[in-house]
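S.K.: just a sequence and a predicted model for now, questions to come.
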Amino acid sequence: MTQPNILLLFTDQQRFDTIAALGNPIIKTPALDRLVREGTSFQRCYTPSPVCVSARCATLTGLPPHKTGCVDNMPMPQDQPSFMERLQALGYQTHGVGKMHFSPDSRKLWGYESRDYSEEISNEQDDFVDYLRAQGYGHVEDVHGVRSEYYYIPQPSQLPAHLHHSHWVADRSLAFLERRDRNRPFFLWSSFIKPHPPFENSTPWNKLYRAAEMPRPFRPQNYEEALTFWNHVQNRYKYRDSGFDDQLLRTMRAAYYGCISFIDYNIGRILAALGDEIDNTLILFSADHGEFLGDYGSFGKRAMLDVAARVPLLARWPGHFAADTRCETPTSLLDLWPTMLAAAGDPSPQVDPAGDDLRRVATQTAPRYVYSQFSQRQTGVYLITDGRWKYSYSAADERAWLYDLHRDPHESHNLANNPLCQSERKRLEEALLERFAADGYTTAVEDGYWRRYGDVDRAKLDAVRQRLASDADYGLLFQDRARLQSEIDALGAYARPVTPQRGGGAQLFRDLAR
């Protein structure tokens, strides 16, 4: 079999329910709709970890978080091979464009022969910022939108559409496709920063959707019962825990949808550039995790409700993935490694039992579990699902949740303590605990059950909860302080010293760790 080209299209913080052809009646996504129409849609894909770095680490290495130790936005293990290294060894020309979030060395190649390098955290020198300077836009300080207090405030982009990062990712992808070595198959990872906040769009994309078209956030009765310790921490440092303005939240969703439609437009440009080679290209589309957007009164990710942990997953490769097909078998980003390696002809494509070739998953009828994890020890959150039933556990809350996704797709009713559902809870809970125990992951499991943490750890959690309740500024996150003083100094007579961050997000994490 001739090796196919492989194109991985990847977004950041895109929910599973944001593709028109898969049931969203508002959003416009013609390029993704094409992939749905011409390929297989995996309807129940879950991230291995609902946060950027650990999700990408799992995707990159094919290993779940509990095996790599990367369970949060933290350093990745540097001794694990990546699927790009394996593809390169099989003769592929490997290239990456856009956000990779490799930590701690963001410029590490990890098996890429070449990269167009950019990240979203700051205006540190990268290829995108250099490009903007060359175009006369070096004066723009917040090239991906203003963060900190404005992090979840919808905002217009300071860049025209043709210079926006989402457009640049397509530009650089097209440049690679034009210059690539035609004697080798290629692997291209086109990775978009959006729709990760700030939700900012260039004209005219910032007018594509309006607040009045958007539904109000989903807040079922007693929605607070669905939230974990992490939801409350995250809502605080995102400046979103002091009441709800539903008109603002509808505007937020409109801006979020605008980000996705602009990405879709640029994905369409990349697909068009494949030309006649498109049918000899394995095309995969997914995202690292989802986004609450005010649902359940929450924002961000770091949770196991579907809006945060479930992501879109599309596969197009004629003759290998059936066209216009929906697969309800649960899948994971861990399935990307064996899918790509098997397509490339690797005789041993599976690196972990949790990952499998999506071609096999699409046709199998046997039950399957997929898993997710965020953090560990006294703040760990864990998930297992078979596609219908979903069980999760939060160590910080010492509490479990069980949802019947067929009867309750919006996860409104926790059945963990329902006496009629104890057999399902026991089945899923035991499967998850046995998985960790089999891998020797005693951080989470002790004597066949969830590890209980001692008085010291509980005291740390209680202290953080009390400070969150008593101090409205505790845990707020500032993401611009590295250059803030120079910006203030530029105000001349209006300049003032930058005050220390009082009780900021960094302090909250120090309080948990000490």
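M.R.: Nice, I can see it. Residues are numbered from 1 along each chain as shown.
S.K.: quick one: least confident helix or strand in the protein?
M.R.: The helix or strand of the chain with the lowest confidence, counting by mean pLDDT, DSSP states H and E, is helix 481-489 at a mean of 68.
S.K.: ok, residue 236 - contacts?
M.R.: Listed by Cβ atoms under 8 Å, 6 or more residues apart in numbering, the contact set of residue 236 reads 468, 474, 475, 476, 508. Placement of C-beta: from N, CA and C, glycine included.
S.K.: mind checking the SS state of it?
M.R.: Here residue 236 is recorded as helix under DSSP: H, G, I helix; E, B strand; the rest coil.
S.K.: can you give me the strands in the stretch 1-150 of the chain?
M.R.: Under the criterion DSSP state E, counting those that start in this stretch, the stretch 1-150 of the chain carries strands at the ranges 5-12, 40-42, 45-46, 93-98, 114-117.
S.K.: determine which of the ones you listed approaches residue 19 most closely.
M.R.: Closest approach to residue 19 among the strands of the stretch 1-150 of the chain is made by strand 40-42 (8.0 Å; Cβ to Cβ).
S.K.: sorry, back to before: now secondary structure and pLDDT too, for the contacts of residue 236, in CSV please.
M.R.: Listed next are the contacts of residue 236 as CSV, based on DSSP: H, G, I helix; E, B strand; the rest coil; pLDDT from 0 to 100:
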residue, secondary structure, pLDDT
468, helix, 92
474, coil, 90
475, coil, 90
476, coil, 90
508, helix, 84
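S.K.: between those residues, which is closest to residue 54?
M.R.: For the contacts of residue 236, the nearest to residue 54 is residue 508 (19.0 Å; Cβ to Cβ).
S.K.: now do the end-to-end distance for stretch 263-283.
M.R.: 16 Å (Cα to Cα, to the nearest Å).
S.K.: list the buried residues in that stretch.
M.R.: Buried positions in stretch 263-283, judged by neighbour count with 16 or more other Cβ atoms under 10 Å: 263-268, 270-271, 273-274, 278, 281-283.
S.K.: what of stretch 353-365?
M.R.: For stretch 353-365, by 16+ other Cβ under 10 Å, it's 354, 355, 356, 357, 358, 359, 361, 362.
S.K.: and the first one, how far from residue 105?
M.R.: Taken as Cβ to Cβ, to the nearest Å, the spacing of residue 354 relative to residue 105 amounts to 26 Å.
S.K.: now do the third one
M.R.: The span separating residue 356 from residue 105 equals 30 Å under the rule Cβ to Cβ.
S.K.: in the stretch 301-450 of the chain, where is pLDDT below threshold?
M.R.: Of all residues in the stretch 301-450 of the chain, none has pLDDT under 70.
S.K.: repeat for the stretch 51-200 of the chain
M.R.: 122-124.
S.K.: all helices of it, in order?
M.R.: With helices called from DSSP state H, counting those that start in this stretch, the stretch 51-200 of the chain shows them at 52-61, 65-68, 83-89, 127-134, 165-179.
S.K.: and the contacts of the longest one?
M.R.: Read that as helix 165-179. Counting by Cβ under 8 Å, 6+ apart, 95, 97-98, 114, 116, 118, 120, 127-128, 131, 143-144, 159, 161, 186, 188, 190-194, 259, 262-263, 266-267, 269-270, 273-274 sit against helix 165-179.
S.K.: same thing but at 6 Å, please
M.R.: 95, 97-98, 116, 128, 190, 192-194, 262-263, 266, 269-270, 273 (Cβ atoms under 6 Å, 6 or more residues apart in numbering).
S.K.: and the lengthiest helix in the chain, what does it pack against?
M.R.: If you go by DSSP state H, the chain has its longest helix at helix 246-274. Packing contacts for helix 246-274, counted by 3 or more Cβ pairs under 6 Å, 6 or more residues apart in numbering; DSSP states H and E, involve helix 30-38, helix 165-179, strand 186-195.
S.K.: could you say which of the ones you listed is packed most deeply?
M.R.: strand 186-195 (a mean of 25; mean count of other Cβ atoms under 10 Å).
S.K.: which residues outside it are in contact with it?
M.R.: By Cβ under 6 Å, 6+ apart, strand 186-195 touches 5-14, 87, 92-99, 120, 144, 165-166, 169, 173, 180, 256, 259-260, 263.
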